[in-house]
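Trainee: Next come a sequence and a model predicted from it.
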Amino acid sequence: MSIIKSVVISCAGIGSRLGSGTPKSLLDINGRTLISRQLDYFRTVENIRIVLGFRANDIINEVLKYRNDVVFVFNHEYFETKTGASFYVGAQYAGDYVLEWDGDLIVHPDDVDSILNTEGEFICYSDITSDEAVFVQTDKDGNVLAFSRESGDYEWTGPACISKSRLKPSNQNVYNMFEPNLPMKGMKIRAYDIDTQYDLERVSNIVKSWEV
Amino acid sequence: MKFLFDLDGTITAEETLPIIARIGNCESQIRELTEQTVQGQVPFIESFIRRVYILRNIPVSSIYRRLQDVNLHKRIVSFIQDNKDQCAIATGNFSCWCDGLVKKIGCELYCSTAEVEEDTVVKINSILHKERVVLEYKSKGETVVFIGDGDNDAEAMRQADISIAVGLTRPPAPSLYSVCDYMVFSEDALCQLLNQLL
């Protein structure tokens, strides 16, 4: 029996730290929206689910410019809930394995291919670049042992893949949902999330250098 | 799991009301009423009654025959036919109009009913409240999935365990954005989701 993998992109948030009233998915990065870049990553993936909340209709209209076979999932409580709640509603009734992908995450295209070609459960992490990082502690083989607000070898960025059967409802952050299942296989990637205007400028420059 | 489908624009690949109106040369009247209804100026039940008054002189047999030939979303029909016992259609249309079409699809039908004399609708007997069908199934312990696109589907979606708003023939009604669990814009996406829910 083949394993069906669903990609769940969480785009429900307000992007409050950017302070522009624009959801992060609609941010312009060198002439293209963030969500259009992510859809490009997943052009070969059949089952894409996009979790919506704030300005759902605007994100739908942007997505429909690129593909119409996406399943949109609503997190109506997006204002009161954290990212774990969006991931959980997106993963319900999805494929056997669910790849969690934050709507504000940019990943090097070569690493995207490695992620999509990796089977089973895993957690991705990157070199530490954020001021307020959630750290990842690993063993010598790169397996993830713990998440920490204090210290660690790497920064948690996601994505992460888990068997749907192991997910439980949550109102925590996504990484908290993975904690009961640690240790888990780890994978180091080049990934950046966008929380602030500074992040946006930095990521725009990084993406430009990848495209050269 | 029980899947309840709206008919018009969800299973049919074209809107049936303009087709019926065309038979009776009353397209502009129907269009005007539809626009007022969509804008929320006319409540659904009133709109339905006024619609029937506009269409009542059209021979029932003409509507029945024309609706049998209406274009359908083939993959959705296949899903229904493959899972007949778990699927039903809930439509505000009269049985005397859409019975033949639904027989072709081959599942259970919940609809409005009318008294017909000499091939003409003379009285509305009942108007379907789709949410009552949802509640009836839920009271029997079923998990109900409701699939639809119209403003008159909103209450049924609110009551359903799982609701899917579709934009296959026209955009989903704006009211559905605040109640639906899922939204899809292609048969591909809908069939993928329905099979995951099965």
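Mentor: In hand now; what should we look at? What you are looking at is a predicted structure, and each value in this text was computed from that prediction instead of being measured. Numbering: from 1, shown residues only, chains lettered A, B, ... in the order given.

Trainee: Distance from the longest strand along chain B to the middle of the chain?
Mentor: Using DSSP state E, we find that the single longest strand of chain B is strand B:108-117. In terms of Cα atoms, centre = their mean, to the nearest Å, the centre of strand B:108-117 is found 13 Å from the chain centre.

Trainee: can you pull the buried residues of that strand?
Mentor: B:L109, B:Y110, B:C111, B:S112, B:A114, B:V116 (16 or more other Cβ atoms under 10 Å in any protein chain shown). All C-beta spots, glycine's among them, are computed from the backbone N, C-alpha and C.

Trainee: what do you get for stretch B:151-158?
Mentor: B:D151, B:N152, B:D153, B:A154, B:E155, B:A156, B:M157, B:R158.

Trainee: Show me what stretch A:191-208 is in contact with.
Mentor: Residues outside stretch A:191-208 that contact it (Cβ atoms under 8 Å, 6 or more residues apart in numbering or on different chains): A:17-19, A:24, A:27, A:29-30, A:34, A:37, A:102, A:104-108, A:111, A:124, A:126, A:129-130, A:132, A:157-159.

Trainee: In helices, which of the residues you listed fall?
Mentor: A:L34, A:R37, A:D111 (DSSP state H).

Trainee: Buried ones from those, can you make that a PyMOL selection?
Mentor: Buried residues among these (16+ other Cβ under 10 Å), as a PyMOL selection:
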select buried, chain A and resi 34+37+111
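
Trainee: okay if I get the ones in helices among the contacts of stretch A:191-208 as a markdown table plus distance to B:F185 and pLDDT?
Mentor: Below are these laid out as a markdown table (distance: Cβ to Cβ, whole Å; pLDDT from 0 to 100):
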| residue | distance to B:F185 | pLDDT |
| --- | --- | --- |
| A:L34 | 20 | 94 |
| A:R37 | 21 | 94 |
| A:D111 | 30 | 95 |
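
Trainee: if we can go back for a sec, which one of the buried residues of stretch B:151-158 is nearest to A:N117?
Mentor: B:M157 (38.4 Å; Cβ to Cβ).

Trainee: which strands and helices sit next to the worst-scoring helix or strand of chain B on mean pLDDT?
Mentor: Across the helices and strands of chain B, mean pLDDT, DSSP states H and E gives its lowest value to helix B:27-38, namely a mean of 89. Packed against helix B:27-38 by the contact rule (3 or more Cβ pairs under 8 Å, 6 or more residues apart in numbering or on different chains; DSSP states H and E) you find helix B:16-23, helix B:44-55.

Trainee: Restrict that helix to CA atoms and write it as PDB.
Mentor: This file holds the C-alpha atoms of helix B:27-38, laid out as PDB (Å, rounded to 0.1, in the frame of the first residue of the first chain):
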ATOM      1  CA  GLU B  27     -34.900  35.000 -17.600                       C
ATOM      2  CA  SER B  28     -34.700  38.700 -16.700                       C
ATOM      3  CA  GLN B  29     -37.300  38.400 -13.900                       C
ATOM      4  CA  ILE B  30     -35.500  35.400 -12.400                       C
ATOM      5  CA  ARG B  31     -32.100  37.100 -12.800                       C
ATOM      6  CA  GLU B  32     -33.400  40.200 -10.900                       C
ATOM      7  CA  LEU B  33     -34.900  38.100  -8.100                       C
ATOM      8  CA  THR B  34     -31.700  36.000  -7.900                       C
ATOM      9  CA  GLU B  35     -29.500  39.200  -7.600                       C
ATOM     10  CA  GLN B  36     -31.700  40.600  -4.800                       C
ATOM     11  CA  THR B  37     -31.600  37.300  -3.000                       C
ATOM     12  CA  VAL B  38     -27.800  37.000  -3.300                       C
END
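
Trainee: Which of the buried residues of stretch B:151-158 fall within helices?
Mentor: Per DSSP H, the subset of the buried residues of stretch B:151-158 in helices is B:A154, B:E155, B:A156, B:M157, B:R158.

Trainee: how about those residues in CSV, adding pLDDT and distance to B:T10?
Mentor: Below are those laid out as CSV (pLDDT from 0 to 100; distance: Cβ to Cβ, whole Å):
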residue, pLDDT, distance to B:T10
B:A154, 94, 14
B:E155, 95, 16
B:A156, 97, 12
B:M157, 98, 12
B:R158, 97, 17
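
Trainee: For A:W156, which non-adjacent residue is spatially closest?
Mentor: By the measure of Cβ to Cβ, 6 or more residues apart in numbering or on different chains, the closest residue to A:W156 outside its immediate chain neighbours is A:V134, 4.3 Å from it.

Trainee: Do I have it right that that neighbour meets A:F147?
Mentor: Yes: applying Cβ atoms under 8 Å, one finds A:V134 in contact with A:F147, separated by 5.7 Å.

Trainee: Need the residues touching each of those two.
Mentor: Common neighbours of A:V134 and A:F147 (Cβ under 8 Å, 6+ apart) are A:W156, A:Y175.

Trainee: tell me how far the host helix or strand of A:I59 is from the chain's mean position?
Mentor: Per DSSP states H and E: A:I59 is located in helix A:56-64. Distance of helix A:56-64 from its chain centroid, counting by Cα atoms, centre = their mean, is 18 Å.

Trainee: Report all helices and strands that it contacts.
Mentor: helix A:34-41, strand A:48-52, strand A:71-74.

Trainee: The second one: partners in the sheet, and parallel or antiparallel?
Mentor: Within its sheet, and counting by DSSP bridges, strand A:48-52 is paired with strand A:5-11 (parallel), strand A:71-74 (parallel).

Trainee: Skipping its backbone neighbours, what lies nearest A:V107 in space?
Mentor: The nearest residue in space to A:V107 (Cβ to Cβ, 6+ apart) is A:A191, at 4.6 Å.

Trainee: Tell me the residues on chain A that lie near chain B, please.
Mentor: Residues of chain A lying close to chain B by Cβ under 8 Å from any Cβ of the partner chain are A:46-47, A:52, A:56-57, A:60, A:64, A:68-74, A:76, A:89, A:93-95.

Trainee: hang on, the earlier thing: next, format the buried residues of stretch B:151-158 as TSV and append distance to chain A.
Mentor: Shown next, in TSV, are these (distance: Cβ to the nearest Cβ, whole Å):
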residue	distance to chain A
B:D151	16
B:N152	20
B:D153	15
B:A154	14
B:E155	16
B:A156	16
B:M157	11
B:R158	11
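
Trainee: Show me which positions of the helix or strand bottoming out on mean pLDDT in chain A end up buried.
Mentor: Every helix and strand of chain A was ranked by mean pLDDT, DSSP H and E. The lowest is helix A:197-211, at a mean of 88. By 16+ other Cβ under 10 Å, the buried positions in helix A:197-211 come out as A:D199, A:L200, A:V203, A:S204, A:I206, A:V207.

Trainee: Having no further points to raise, I will conclude here.
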